[in-house]
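**Q** attaching a predicted model along with its sequence, questions to come.
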Amino acid sequence: MRKIIALIAGDGIGPEIIREARQVLETVAGKYGRQLDFAEVAGGGAAIDRFGEPMPQCSVDACLSADAVLLGALGHPKYDGVAPAIRPEKGLLKLRQALGLFANIRPAKLIPALKEASPLRADIRDRGIDFLIVRELIGGIYFGKRKTEAIEGVMTATDTLTYSRPEIERIARVALELAAKRKRRVLSVDKENVLDSSKLWRKTVTETAAAYPGIALSHMLVDNAAMQIVRDPAQFDVIVTENMFGDILSDEASMITGSIGLIPSWSRGEGKRGLYEPIHGSAPDIAGKNLANPIGTILSAAQLLRHSLDLEEEARDVELAVEGVLAAGYRTADIAGAEDRPLTCSEMGERIRREIL
Ligand code: IPM
Ligand code: MG
């Protein structure tokens with residue numbers, strides 16, 4: 001059966017990393033006799049230049065008719081001054097909402113071969129880092145009503161944070177189901193000592209978890225969670241939290257592994273269609289120089305094979321190829337040691353493809 005993958009290369013290093021990931025997908029598809037079609041879709045700054053907006057309806061429609069979306073990176077400082085409505089990031093929010101992608105999954109995993117890159121003290125890091133952040137993605141303060149107005153001559157700005165019970169239940173279920181295949185522990189993070197939305201969050205997650213007797217549920221306030229991520233990350237298995245807390249904690253979590261260029265992420269809704277992207281940004285400073293690390297995007301493509309196309313064996317093959325190349329000592333500049341000769345972005349892609357064959 002033919003499957004369609006929408007490719008949004010985006011900005012900065014986006015086109016370079018997407019090119020490598022696409023070729024990896026073509027290689028693994030060829031090996032297993034799978035039919036993959038690719039649709040190149042404009043998004044971010046690249047779409048602003050062509051269409052005047054970061055996610056035109058034609059791009060949304062192309063993603064809606066695909067089986068999965070693979071995204072490079074969106075955003076470029078050249079749009080910093082432009083009207084907020086047409087910033088590249090707006091395109092990403094529009095796409096998440098249009099595809100109903102309410103769950104964003106971001107792993108924090110220490111790769112043994114690269115553990116020296118972790119900024120954590122060795123005794124903390126060596127206890128292991130392997131957890132998932134499950135972030136609610138289309139609710140909360142990101143999508144609430146906002147307003148900037150003069151009230152009695154004083155400029156005032158408002159953003160609202162709203163969650164309904166069904167929105168909390170569905171994200172809680174994603175976390176509980178993921179935990180069932182891992183260490184069977186879910187930590188729900190909120191700010192229940194202050195926010196009404198967090199009180200409902202905690203109550204709803206607790207009630208939802210009652211249907212999953214094999215999973216141990218606990219709760220933590222977000223400020224404490226931010227501290228625990230650097231104090232003792234080995235304690236976590238699956239963390240579930242609302243949109244903005246998840247945005248902040250997932251950046252923190254990516255940092256402690258020391259290899260932000262290698263971490264994939266994926267977002268899903270009710271069906272199989274998902275959006276897959278590396279967690280790093282568009283790195284405009286190294287764009288066009290063939291220096292980027294394509295591994296985060298290639299591992300995102302592996303997750304795409306697994307979760308949207310149900311191609312577990314193919315996904316595993318890609319992951320093993322990446323592990324093999326890293327274990328053999330190949331490095332891109334971002335993770336190279338002083339004595340390594342770093343590979344370019346395209347050389348790393350090529351190495352991984354050879355490992356697959
Ligand atoms: C992320 C990013 C986005 C977010 C921005 C670019 C809107 O930080 O995916 O984490 O805040 O969700
Ligand atoms: Mg973020």
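**A** Thanks, I have it. Predicted model, so just to flag it, every value in this text is computed and none were measured. Residues are numbered from 1 along each chain as shown. Ligands and ions are numbered 1, 2, ... in the order given.

**Q** list the contacts for whichever residue of the stretch 1-150 of the chain sits closest to ligand 1?
**A** Relative to ligand 1, the nearest point of the stretch 1-150 of the chain is E89 (3.8 Å; Cβ to the nearest ligand atom). The C-beta positions use only the backbone N, C-alpha and C, and glycine is treated the same way. Going by Cβ atoms under 8 Å, 6 or more residues apart in numbering, E89 touches 54, 74-75.

**Q** change it to 10 Å
**A** Applying Cβ atoms under 10 Å, 6 or more residues apart in numbering to E89 gives the contacts 44, 54, 74-75, 79.

**Q** also I13?
**A** With Cβ under 10 Å, 6+ apart, I13 has these contacts: 72-73, 261, 278, 280-294, 297, 345.

**Q** can you redo the contacts of E89 as CSV with distance to D130?
**A** Below are these laid out as CSV (distance: Cβ to Cβ, whole Å):
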residue, distance to D130
G44, 31
P54, 34
L74, 28
G75, 29
Y79, 36
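
**Q** returning to that earlier point: now whichever helix or strand the residue of the stretch 1-150 of the chain closest to ligand 1 is part of: mean pLDDT?
**A** Assessed by DSSP states H and E, E89 sits inside helix 88-98. Mean pLDDT, computed over helix 88-98, is 91.

**Q** close to ligand 1: what parts of the stretch 1-150 of the chain are there?
**A** 89, 92-93 (Cβ under 6 Å from any ligand atom).

**Q** go again with 8 Å.
**A** 74-75, 88-90, 92-93, 96, 104, 137, 142 (Cβ under 8 Å from any ligand atom).

**Q** ditto for the stretch 201-350 of the chain
**A** So far as Cβ under 8 Å from any ligand atom goes, the stretch 201-350 of the chain lies against ligand 1 at 243-244, 247, 250-251, 265, 277, 279, 281.

**Q** which of these has the largest number of neighbours?
**A** E277 (27 neighbours; other Cβ atoms under 10 Å).

**Q** can I assume that one sits in a strand?
**A** Yes: assessed with DSSP: H, G, I helix; E, B strand; the rest coil, E277 lies in a strand.

**Q** how about the contacts made by the closest residue in space to it that isn't next to it in sequence?
**A** Spatially, and ignoring its direct neighbours in sequence, E277 is nearest to L71 (4.1 Å; Cβ to Cβ, 6 or more residues apart in numbering). Residues in contact with L71 (Cβ under 10 Å, 6+ apart) are 6-10, 14, 18, 41, 43-44, 63, 92, 95, 265, 267, 275-278, 297, 300.

**Q** SS state for L71?
**A** L71 - assigned by three-state DSSP - is strand.

**Q** who's it bridged to?
**A** Per DSSP bridges, the residues bridged to L71 are I8.

**Q** sorry, back to before: next SSE downstream of the helix holding E89?
**A** Counting by DSSP H and E, the next helix or strand C-terminal to helix 88-98 is strand 103-109.

**Q** packing partners of that following strand?
**A** On a contact count with 3 or more Cβ pairs under 10 Å, 6 or more residues apart in numbering; DSSP states H and E, strand 103-109 meets strand 130-136, helix 165-180, strand 238-241, helix 243-257, strand 264-268, strand 274-278, helix 295-307.

**Q** swap the cut-off to 8 Å and go again
**A** Using 3 or more Cβ pairs under 8 Å, 6 or more residues apart in numbering; DSSP states H and E as the contact test, the elements touching strand 103-109 are strand 130-136, helix 165-180, helix 243-257, strand 264-268.

**Q** report the buried residues of the first one.
**A** Spelled out, that is strand 130-136. 131-136 (16 or more other Cβ atoms under 10 Å).

**Q** residue of the stretch 251-357 of the chain with the smallest distance to ligand 1?
**A** Nearest residue of the stretch 251-357 of the chain to ligand 1, counting by Cβ to the nearest ligand atom: D251, 7.0 Å away.

**Q** if we can go back for a sec, now the residues of the stretch 201-350 of the chain next to ligand 1 in TSV, with pLDDT and distance to I229?
**A** Rendered in TSV, the data for these read as follows (pLDDT from 0 to 100; distance: Cβ to Cβ, whole Å):
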residue	pLDDT	distance to I229
N243	98	18
M244	98	16
D247	95	14
S250	94	10
D251	91	10
S265	96	17
E277	96	22
I279	91	15
G281	90	20
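
**Q** quick one: which of those is nearest D223?
**A** Checking those against D223 with Cβ to Cβ, the nearest one is M244 at 13.3 Å.

**Q** the closest residue to that closest one other than its chain neighbours: what's it in contact with?
**A** Spatially, and ignoring its direct neighbours in sequence, M244 is nearest to I141 (5.2 Å; Cβ to Cβ, 6+ apart). I141 sits next to 159-161, 243-244 when contact means Cβ under 8 Å, 6+ apart.

**Q** centre-most residue in this structure?
**A** S265 (3.0 Å; Cα atoms, centre = their mean).

**Q** pretty sure that residue is touching P107, no?
**A** Yes: with contact defined as Cβ atoms under 8 Å, S265 counts as touching P107 (7.5 Å).

**Q** starting at the chain centroid, how far to stretch 24-37?
**A** Mean-position distance between stretch 24-37 and its chain equals 23 Å (Cα atoms, centre = their mean, to the nearest Å).

**Q** identify each buried residue in that stretch, please.
**A** Across stretch 24-37, burial judged by 16+ other Cβ under 10 Å covers 24-25, 27-29, 34, 36.

**Q** related to what we said a few turns ago, please dump the residues of the stretch 201-350 of the chain next to ligand 1 into a markdown table; it should also carry distance to L176 for every row.
**A** Conversion of these to a markdown table gives the following (distance: Cβ to Cβ, whole Å):
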| residue | distance to L176 |
| --- | --- |
| N243 | 19 |
| M244 | 22 |
| D247 | 22 |
| S250 | 19 |
| D251 | 24 |
| S265 | 19 |
| E277 | 24 |
| I279 | 23 |
| G281 | 31 |
